[in-house]
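Visitor: would you be able to build a 3D model of this:
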Amino acid sequence: MFQRERTHELTSGDGNALTERLAELQFHRLHRAFEADTYYSDGTRIRQRNGYAEITRTAAAAEHHHITGVTHLTAKVVLLSGDQAVAAHELLSALGLDYLVRVQKVRTVFQHVQETITVTVDELTDLQRCFAETKVTASTMTNARQRLAAAEHSLGLSHCRIEPRPYPELVLAHLAAHNSEPAKAGERPWTAVP
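Guide: Predicted coordinates for the structure are as follows:
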């Protein structure tokens, strides 16, 4: 199975229109929660939400396709209870990992009732900006591309600006623009460690 996903930035009013459209197209809301993702060096992230926490380390596989530019990523996830998150932050610091940036968001996840299409709406609280990520799964890459384009069109996202940058990069740019010191400039662990 192949997955394709793309993120669009929503402008004011787009969020309400998207929510209405999702209901019309038979998407149901899976959950809505405040999430805080704390990024550290070495491709490590701690995610916290509603009594749940996880540590994720993303690494690039040895293979990098030089023609398409595709790097295969692997992620190792350790699930924690919410009260273990503080200890996890202390552990990563004690291991010498550097704190880079924290991304805070209100995340709402919608799933289509019959098809393998997920739409995640993220309201980044520090940026006062809203994004919608559409993710589809299909048996071939060509079919996944076609399904993604069709889903975006039916959801009314085709007119919205595509946002290719990951959220940590957006927050770091925001901090730099407002003369706040980013945690550690130059490192981008969310793109994976080679």
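Visitor: confidence score at the closest residue to residue 26 other than its chain neighbours?
Guide: Nearest non-adjacent residue to residue 26, counting by C-beta to C-beta, 6 or more residues apart in numbering: residue 113, 4.7 Å away. For glycine as for every other residue, the C-beta is placed from the backbone atoms N, C-alpha and C. In this model, residue 113 is scored at 92, pLDDT.
Visitor: so residue 113 makes contact with residue 29?
Guide: No. The pair residue 113 / residue 29 is not scored as a contact, 11.4 Å apart, by C-beta atoms under 8 Å.
Visitor: these two - which one has more neighbours?
Guide: residue 29 (14 against 9; other C-beta atoms under 10 Å).
Visitor: secondary structure of the more buried one: a strand, I assume?
Guide: Yes. Assessed by DSSP: H, G, I helix; E, B strand; the rest coil, residue 29 belongs to a strand.
Visitor: list the contacts for it?
Guide: 108, 109, 110 (C-beta atoms under 8 Å, 6 or more residues apart in numbering).
Visitor: residue 43: which of those is nearest?
Guide: residue 109 (23.8 Å; C-beta to C-beta).
Visitor: pretty sure the closest one is touching residue 122, no?
Guide: No. Applying C-beta under 8 Å, one finds residue 109 not in contact with residue 122, separated by 9.6 Å.
Visitor: got a ChimeraX select line for the buried ones in the contacts of residue 29?
Guide: Applied in ChimeraX, the following selects the buried portion of the contacts of residue 29 according to 16 or more other C-beta atoms under 10 Å:
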select :108,109,110
